[in-house]
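# What follows is a predicted structure for the sequence shown.
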Amino acid sequence: MRVGLRLGLSLLLAVGLAPLPARAESAAGGGPVPSISGVPPTLGAEAEAQFRRAISLLESPTRPNLEEAYAALQSAYEQSQAWQLLTPLAEVARKLDRPGEALRAYEAALSVGGAHIDAEERARVERELGTLKARTAWLTVSVAGPPGPVTVTDTHGGEPGEAVVTNVYRLSPGETKIGLSPGSHQLSFTGDGGKSARLTLELQPGTVVEKTITLGSPPGALTPSPPKTKPVLPAKSATPHGQGSFVPFYISAGVTGALLGATIYTGVTALEKHSQFNAANDGRDPQRAAALRDQGTRLNLVTDAFIGATALGAVLSVVFYQRAVNPEVRYRRPIQKQRPRTLLGVQIGALRGGSPHQVTFSGEF
């Protein structure tokens, strides 16, 4: 049995002894491939077919052929559980830059094969195992969220002088421990519904890194816009906060006060001139009496003008005050004519509801 097995696996071991350039189109060295005769006697018909397929693929060990041969060997081992297939599995995993899987296969070969492995082969496997243990970096990854199948695409390399290698892994529920080569890694996680996540790592030999991944929206998915809400208008406040400007009111009130003062002054002066005119109008000095009369007439006219301007200023002051206290209020009612009122012989009328306010004066000036 051992002789037939060694002949059947000699090609697999020969492929694994030398490192494979990434994406190489032929085996390093390019020498002739040894012929294969015999298969492990413990294989069934289906497992034997997968084994022979792997042997055929490895006659031209390009990376696509290595990947198919690796899958065929895995299938053969799962069906037969023949420990003799573990070492070839480890060798092909090494060539595919899957050091974690190669390390596990070597350990299983030593454990399950036990005394059936001759001393020379055991020593070689132990050397390979020691090298892998010192070189392999471990990534322990778990995916947050609902359970489901998650695929990891690992792109390794890309540094100057270093080829790029891409491997695909499938995560188990809970935590998954993946053995990776040291260096830079770009990992893309894809779950149900196209949800994905990305991770960039720089791994050192013999280190252990733990990561928890949260899958996001599928690439290119539209992010839903937040629902539109109508703006809430602030409630009318009686406090100074939120009031309009009082500057126009202060200006209008100041001007109105000044006009009122001028009205009082000219009115008093006009009364004094009227008294002086009455005293001088006795016929003794007609020129002085005429001068006093003219001065009084002019003062009356000025006083009437001041009265009108003061009334207008008072109305504007009221309007500005209301707008300062209630800035939200805008008068848009139909224009209504107000009944005129009489003040000191002058009729004052206001048109309310319009903008701006209109004030009319009529009388004898």
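Looks like it arrived, so ask away.
# The stretch 1-150 of the chain: strands as residue ranges?
137-144, 150-156 (DSSP state E, counting those that start in this stretch).
# Relative to A197, which of these is closest?
strand 137-144 (8.3 Å; C-beta to C-beta). Using the backbone N, CA and C atoms, a C-beta is placed for each residue, glycine as well.
# any idea of the pLDDT on I348?
With respect to pLDDT, I348 scores 56.
# likewise R122?
Confidence score, pLDDT, at R122: 91.
# ok but T166 is inside a helix, no?
No: read with DSSP: H, G, I helix; E, B strand; the rest coil, T166 is strand and lies in no helix.
# Spatially nearest residue to it, not counting backbone neighbours?
Using C-beta to C-beta, 6 or more residues apart in numbering and skipping residues adjacent in sequence, the residue nearest T166 is T155, 5.1 Å away.
# What confidence value was assigned to the one you found?
You'll see T155 listed with a pLDDT of 92.
# got it, and D97?
93.
# Now the phi/psi pair for it, please.
Dihedral pair for D97: phi 60, psi 50, per degrees, to the nearest 10.
# would you list every one of the helices in the stretch 101-250 of the chain?
119-135, 247-280 (DSSP state H, counting those that start in this stretch).
# buried sites along the first one?
By that I understand helix 119-135. 121-122, 125, 128-129, 132 (16 or more other C-beta atoms under 10 Å).
# ditto for stretch 163-176
Neighbour counts over stretch 163-176 (16+ other C-beta under 10 Å) mark 165, 167, 169, 171, 176 as buried.
# the strands in the stretch 251-365 of the chain, which residues?
336-337, 341-343, 346-352, 358-363.
# CSV for the helices of the stretch 101-250 of the chain, including distance to G206?
Listed next are the helices of the stretch 101-250 of the chain as CSV, based on distance: least, C-beta to C-beta, whole Å:
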stretch, distance to G206
helix 119-135, 6
helix 247-280, 77
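# Ok, which of those comes nearest P160?
Nearest to P160, of those and by C-beta to C-beta, is helix 119-135 at 20.6 Å.
# what helices or strands is the closest one leaning on?
helix 86-95, helix 99-113 (3 or more C-beta pairs under 8 Å, 6 or more residues apart in numbering; DSSP states H and E).
# Save the ones you listed as TSV, and put in distance to S60 and mean neighbour count too.
Shown next, in TSV, are the helices and strands packed on helix 119-135 (distance: least, C-beta to C-beta, whole Å; neighbours: other C-beta atoms under 10 Å):
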stretch	distance to S60	mean neighbour count
helix 86-95	13	26
helix 99-113	21	19
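# a markdown table for those helices, including distance to L187?
Listed next are these as a markdown table, based on distance: least, C-beta to C-beta, whole Å:
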| stretch | distance to L187 |
| --- | --- |
| helix 86-95 | 18 |
| helix 99-113 | 14 |
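# With respect to W138, which of these lies nearest?
helix 99-113 (7.0 Å).
# Give me the contacts around that closest one.
Contacting residues not belonging to helix 99-113 are listed as 83-84, 86-87, 89-91, 93-94, 117, 122, 125-126, 128-129, 132-133, 135-136, 138, 177-181 [C-beta atoms under 8 Å, 6 or more residues apart in numbering].
# Let me know the angle separating the longest helix along the chain from helix 247-280.
Within the chain, and with DSSP state H defining each element, the longest helix by residue count is helix 286-325. Angle, helix 286-325 to helix 247-280, by axes from the mean of the first three to the mean of the last three C-alpha atoms, to 10 degrees: 160 degrees.
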